[in-house]
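S.K.: Build me a model from this:
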Amino acid sequence: MISQTYARFATQLRLEDVPAAVRTRACHLMLDAVGTGFAAIGQDWAIRAFAAGRDLGPGSAPVLGHGRSLAPREAALVNGVLMHGLDFDDTHSRGVIHATVTSLPTVLAAADHAGASGAELLRGYIAAMEISTRVGMVAAGGFHRLGFHPTGLVGAFGAAIGAGLLLGLDAEQLVMAQGIMLSMTSGSLEFLEDGAWTKRLHPGWAASSALTAATLARHGIIGPRAAYEGRFGFYALYLRERAPALLAQATDGLGDTWEIDAVSVKPIPACHMTHAAADAAATIFAEHHLSGDEIARVTVLVPESVIPIVCEPSAPKKVPAGSYDAQFSIPYVVATALLKGRFTLDELDPAALADPAVLALAQRVDYAVDPDTDYPVHFTGEVVVETRDGRRIARREAVNRGAPDRPLTNADIRDKFDLNAARCLSPTRAAAVADAVLHVADHSAAHLSDILAEVVSAPRF
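M.R.: Next up is the predicted model:
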């Protein structure tokens, strides 16, 4: 069974068997998530999430910039919210999940709780990533089509195994942890309808649930063995298929092919499905410097599967009610990039969201199905601008920037971290955080926890 294969892989995994380049990339992916988490400190939703965590479970587990202040499960919840809340975190394209923001909050809490080494934390993170990405690959985007947010569903399984390794579970207990996790997975796309904050909770809830499942298994609670392929298993419930056509991808290459190498790092703080179009629009800006008044109409070609997420319903996409609406809006992202040549965190500030020129152009941005896409291998996009003087200007991005075959380098990730960290950390502290994360295997997990948790007094916006 798949759960047994995963358990065997995890318990037999030795850090020295993981290629050095994969270990290095894993540390940079963790650094990217830490940077996005620090950049989120001071956001209203982040403040409220921490307040809720403090009510639910005060304790001594580390929370980014908030001290050793919460119980392990609540710390995992809040860290997941911080790392994912700006939607600037990594994505595994074929699994269509944000893998690090479930894996890292889980293993950070579990390693700190268990008094583990940094090397053990890194091992748990790598195991969690390799499993979660494969669980997601089986669906080939199918979870979205049925209204589920895959990160909340899929990430929980790998995270449960990562937690289990750090808590000392054997292979049989890891099988049980996955079976228990089957009853805890969740994540609805209903937030797309009204800009609700619930998507931000999904990775943290998965991380909190993973710790719960692993701890229950450690104490002998019995879970179903056929967690994935069973009659009422994961794929039967969430894909309506007991044995999906791509089921073999759940285990193919496990231990030989490293899916960490296939994780895309975001260069733009918006839904990954908007990135190619954003870059295409920014290129048109750089080459033509069109004003809004010169543009008569814009058509964006997108994969059909992403239309319900970033194009529909049309009216609210053209006038985002808040930052999250904007990050999932092809009209807003493309209009911004056409007029400003960029899309950064600054374009999510209230003043930017109310920019009359951007909102006016967004009304003239429509979409069509991209007939040449290879989604979900790449998040393709093409922008076609029709000007009032009769010109037609088109730019296509067939491979989104940051994709595995067009990756951000480790140096790019460090630069991104520095920019994000600068929003609330001094350069000296940011450098200390980066050093602790990138060299996590050389120290204890507690050393990393202490540095990440040091209290941030106020954001430095």
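S.K.: Domain map for this structure?
M.R.: 2-267+408-453, 272-397 (automatic domain parsing).
S.K.: Quick one: mean pLDDT for the shortest one?
M.R.: Per-region confidence: domain 272-397 scores 95 on mean pLDDT.
S.K.: Kindly report the same for stretch 94-106.
M.R.: The model assigns stretch 94-106 a mean pLDDT of 95.
S.K.: Going forward, count from 47.
M.R.: Got it, first residue is 47 now, which makes that one stretch 140-152.
S.K.: ok now it, how far from the chain's centre?
M.R.: 5 Å (Cα atoms, centre = their mean, to the nearest Å).
S.K.: Let me know the next secondary structure element after the helix or strand where M76 lies.
M.R.: M76 is part of helix 66-86, with elements assigned from DSSP states H and E. Once helix 66-86 ends, the next helix or strand along the chain (criterion: DSSP H and E) is helix 90-102.
S.K.: buried set for that next one?
M.R.: 91-92, 95-96, 99-100 (16 or more other Cβ atoms under 10 Å). Bear in mind the C-beta positions are built from the backbone N, C-alpha and C, glycine included.
S.K.: next one: stretch 468-483
M.R.: 468-471, 475-476, 479-480, 482-483.
S.K.: Which neighbouring elements make contact with the helix holding M76?
M.R.: helix 118-130, helix 146-160, helix 164-183, helix 456-467, helix 473-484 (3 or more Cβ pairs under 8 Å, 6 or more residues apart in numbering; DSSP states H and E).
S.K.: Doesn't G448 lie inside a strand?
M.R.: No. Per DSSP: H, G, I helix; E, B strand; the rest coil, G448 lies outside any strand segment and is coil.
S.K.: That one - how many residues pack around it?
M.R.: Per other Cβ atoms under 10 Å, the neighbour tally for G448 reads 23.
S.K.: That one contacts P313, doesn't it?
M.R.: Yes. At 5.2 Å, G448 and P313 qualify as touching, with contact defined as Cβ atoms under 8 Å.
S.K.: dump the residue contacts of A86.
M.R.: 92, 127-129, 131-132 (Cβ atoms under 8 Å, 6 or more residues apart in numbering).
S.K.: one more time with 6 Å
M.R.: 92, 128, 131-132 (Cβ atoms under 6 Å, 6 or more residues apart in numbering).
S.K.: Just the helices from the stretch 297-446 of the chain, written as ranges.
M.R.: Counting by DSSP state H, counting those that start in this stretch, the stretch 297-446 of the chain has these helices, from start to end: 321-334, 353-356, 360-364, 369-373, 376-386, 396-399, 402-408.
S.K.: what's the spacing between the first one and its chain's center?
M.R.: The chain centroid and the centroid of helix 321-334 are separated by 24 Å under Cα atoms, centre = their mean.
S.K.: And for stretch 267-274?
M.R.: 27 Å.
S.K.: Same check on stretch 94-101?
M.R.: 21 Å.
S.K.: Would you mind confirming that I87 makes contact with A467?
M.R.: No. Using Cβ atoms under 6 Å, I87 is not in contact with A467; the gap is 10.2 Å.
S.K.: Show residues contacting stretch 439-456.
M.R.: Contacts of stretch 439-456 (Cβ under 6 Å, 6+ apart): 74, 308, 310-313, 321-322, 325-326, 329-330, 424-431.
S.K.: Now do the contacts for the closest residue to L167 other than its chain neighbours.
M.R.: Counting by Cβ to Cβ, 6 or more residues apart in numbering, L167 lies nearest to A157, which is 4.0 Å off, once chain neighbours are set aside. By Cβ under 6 Å, 6+ apart, A157 lies in contact with 167, 212, 491.
S.K.: let's see 8 Å
M.R.: Going by Cβ under 8 Å, 6+ apart, the list of residues near A157 reads 163-164, 166-167, 170, 212, 491, 495.
S.K.: Ok, A85 next?
M.R.: 132, 134, 391, 466-467, 469-470.
S.K.: now for these, which pair is the farthest apart?
M.R.: The distance between the two most remote of the contacts of A85 (Cβ to Cβ) is 14.1 Å, for F134 and C470.
S.K.: Quick check: phi and psi on the residue most central in space within the chain?
M.R.: Centrality entry for the chain: nearest residue to the mean C-alpha point is H144, 2.7 Å, by Cα atoms, centre = their mean. When read as degrees, to the nearest 10, the backbone of H144 gives phi -90, psi 100.
S.K.: ok, the nearest residue to L292 once chain neighbours are set aside - contacts?
M.R.: Closest residue in space to L292, ignoring its immediate chain neighbours: V184 at 4.9 Å, by Cβ to Cβ, 6+ apart. Each residue near V184 by Cβ under 8 Å, 6+ apart is listed here: 281, 285, 290, 292-293, 295-296.
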